[in-house]
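Peer 1: structure of the sequence below:
(4 chains)
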2 protein chains.
Amino acid sequence: MREVLAEAAFQLFLERGFEQTTVDDIVARAGVGRRSFFRYFPSKEDAVFPDHERCLADMTAFLAEAGDAEPVDAVSDAARLVLRMYSANPEFSVQRYRLTREVPGLRTYELSVVRRYEQTLAGYLRGRYGASDDGALRAEVIAASVVAAHNNGLRTWLRSGGEGDAEAAVDHALGMVRRVWGSGAVGGAAAPPADGDVVVMVAAKGAPMWRVVQQIESAIGQG
Amino acid sequence: MREVLAEAAFQLFLERGFEQTTVDDIVARAGVGRRSFFRYFPSKEDAVFPDHERCLADMTAFLAEAGDAEPVDAVSDAARLVLRMYSANPEFSVQRYRLTREVPGLRTYELSVVRRYEQTLAGYLRGRYGASDDGALRAEVIAASVVAAHNNGLRTWLRSGGEGDAEAAVDHALGMVRRVWGSGAVGGAAAPPADGDVVVMVAAKGAPMWRVVQQIESAIGQG
DNA sequence: TTTACAGAGGGTACTGAGTGCCATATCGTC
DNA sequence: GACGATATGGCACTCAGTACCCTCTGTAAA
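Peer 2: Residues are numbered from 1 along each chain as shown, chains lettered A, B, ... in the order given. Sure, this is the predicted structure:
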């Protein structure tokens, strides 16, 4: 029934547009009563994203099982769950992408969904990084970075019409975040080196000394 | 007139809640016709954020004037414009923050506003980093990071009741992003150093050599 | 077979946001 | 005083979303 409604709604949205389609149109095509629509979808927008609730639950469950994996890798893998939901139905995802691009109301709705994913990731990272202020800050920035990278890769694939390799595009994008934020990453003024760490520095021959000093300070967290 | 309406609306929202206040209530208190409300605010939600349009225009103008400043610094300074809008009216901002936290509709609306700031920043960064795929990716990830950091600092200040030093909280948060993504930052597989750039690397003393080599390769863009 | 019950779906009427259209000031200009 | 432009009010309408109640169907007990 849910599926019948979502199917009817999506077809109508493609045919005459989201705003030009009323809930009465949808239930008429689905052959059910108007009241039933709102039993299955809290709003008209929800009918366009019928599978996000389940995916969010999957993500939460995945992170609960993540154990002691490297945190950035864990949230990156969690983000890939979303990608797989999209890539499982390429033609549907591409059509929905085009629809969402054109309808402000759907864009706003999608934002609120993305926000829930981001907060799920941030909540996990907060747990991993500790509850200190900087832990929370780091968690939120990394969650935002992962979501932005994921969405960049996903959009690249969607714009291509769902033809290319979605996983590759997202892996590439997440790789940038991983190199910068992952525990194996270079750098770490954000995570100042502990005693016993060694700082290796490579500088151009002609670099002005003040700039070198500035960067060393930055690297060891004095900047 | 706009101000009268916004003032009346905000008072009523605080008194009886956002959803319990109808537009008719607002215009009754403001002493104007119902139709006038929608002339000044496209939706009820807009009355809660009467100054974001101007701030967005300010941000766009600021970035247009940014010249050849370091890109991450430029967008960080642009984000500080938003902070200053909040800190200019601490009591109003704090009340609005509490209201927004409680009303899902307002949270969603705020998301769409934040998104516009983020896209403004990303657009600027795309222009600075070039139109290559990775330039766009980098622009979007950095814009998301800056926004997340800014919002973290801003929320810290708002939660404190608007008592502490808002600028300091946001500076601290943006500092993390700057150290990671700024041109003076450590690392940079994402932005391979040009000839003459300086690369700083931090590694544990006992780290296996292959890992150090791996990280240097990553830093100089051979990874 | 009848009764009691539960749960899914349908129907009706209502609220309230947002829009289009037209009437009515109000104000500066000629 | 006539006139056009801009600001405001009023009215009627659409449509999303909700509250309430009805009907149908299947099931279990008497």
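
Peer 1: got the contact list for residue A:85?
Peer 2: Residue A:85 makes contact with A:51-52, A:55, according to C-beta atoms under 8 Å, 6 or more residues apart in numbering or on different chains. The way it works is simple: take the backbone N, C-alpha and C, and place the C-beta from them, glycine included.

Peer 1: need the residues that contact stretch A:144-159.
Peer 2: Residues from elsewhere that reach stretch A:144-159, judged by C-beta under 8 Å, 6+ apart: A:72, A:75-76, A:79-80, A:82-83, A:86-87, A:93-94, A:97, A:114, A:117-118, A:121-122, A:164-166, A:169-174, A:176-177, A:180-181, B:133, B:136-137, B:140-141, B:143-145, B:147-148.

Peer 1: which elements pack onto the helix or strand that contains residue A:179?
Peer 2: Counting by DSSP states H and E, the element that carries residue A:179 is helix A:166-181. Using 3 or more C-beta pairs under 8 Å, 6 or more residues apart in numbering or on different chains; DSSP states H and E as the contact criterion, the elements in contact with helix A:166-181 are helix A:71-87, helix A:133-159, helix B:133-159, helix B:166-181.

Peer 1: buried residues in it?
Peer 2: Of the residues in helix A:166-181, those buried by neighbour count under the rule 16 or more other C-beta atoms under 10 Å in any protein chain shown are A:166, A:169-181.

Peer 1: related to what we said a few turns ago, and of the contacts of residue A:85, the nearest to DNA strand C?
Peer 2: Distance to DNA strand C across the contacts of residue A:85 (C-beta to the nearest atom of the strand) is lowest for residue A:51, with 18.7 Å.

Peer 1: ok, now which ones touch residue A:21?
Peer 2: The neighbours of residue A:21, taking C-beta under 8 Å, 6+ apart as the test, are A:9, A:12-13, A:15.

Peer 1: for it, helix, strand, or coil?
Peer 2: With DSSP: H, G, I helix; E, B strand; the rest coil as the basis, the three-state label of residue A:21 is coil.

Peer 1: can you report phi and psi for it?
Peer 2: Per-residue torsions, residue A:21: phi -100, psi 120 (degrees, to the nearest 10).

Peer 1: any idea of the pLDDT on it?
Peer 2: Taken from the predicted model, the pLDDT recorded for residue A:21 is 96.

Peer 1: ditto for the one 5 residues further on
Peer 2: We note a pLDDT of 96 for residue A:26 in this prediction.

Peer 1: is residue A:42 in a helix, a strand, or coil?
Peer 2: coil.

Peer 1: picking that back up, closest one of the contacts of residue A:21 to residue A:41?
Peer 2: Distance ranking of the contacts of residue A:21 against residue A:41, using C-beta to C-beta, places residue A:9 first at 8.1 Å.

Peer 1: now the closest one: closest residue in space, sequence neighbours ignored.
Peer 2: In space, residue A:9 comes closest to residue A:47 once its chain neighbours are excluded; the distance is 4.0 Å by C-beta to C-beta, 6 or more residues apart in numbering or on different chains.

Peer 1: hang on, the earlier thing: which of the contacts of residue A:21 tops the neighbour count?
Peer 2: Within the contacts of residue A:21, most neighbours by other C-beta atoms under 10 Å in any protein chain shown means residue A:9, with 25 neighbours.

Peer 1: show me chain A divided up by domain.
Peer 2: With automatic domain parsing serving as the domain definition, the record reports that chain A contains domains spanning A:2-46, A:51-181, A:190-223.

Peer 1: what's the most buried one of the ones you listed?
Peer 2: domain A:51-181 (a mean of 18; mean count of other C-beta atoms under 10 Å in any protein chain shown).
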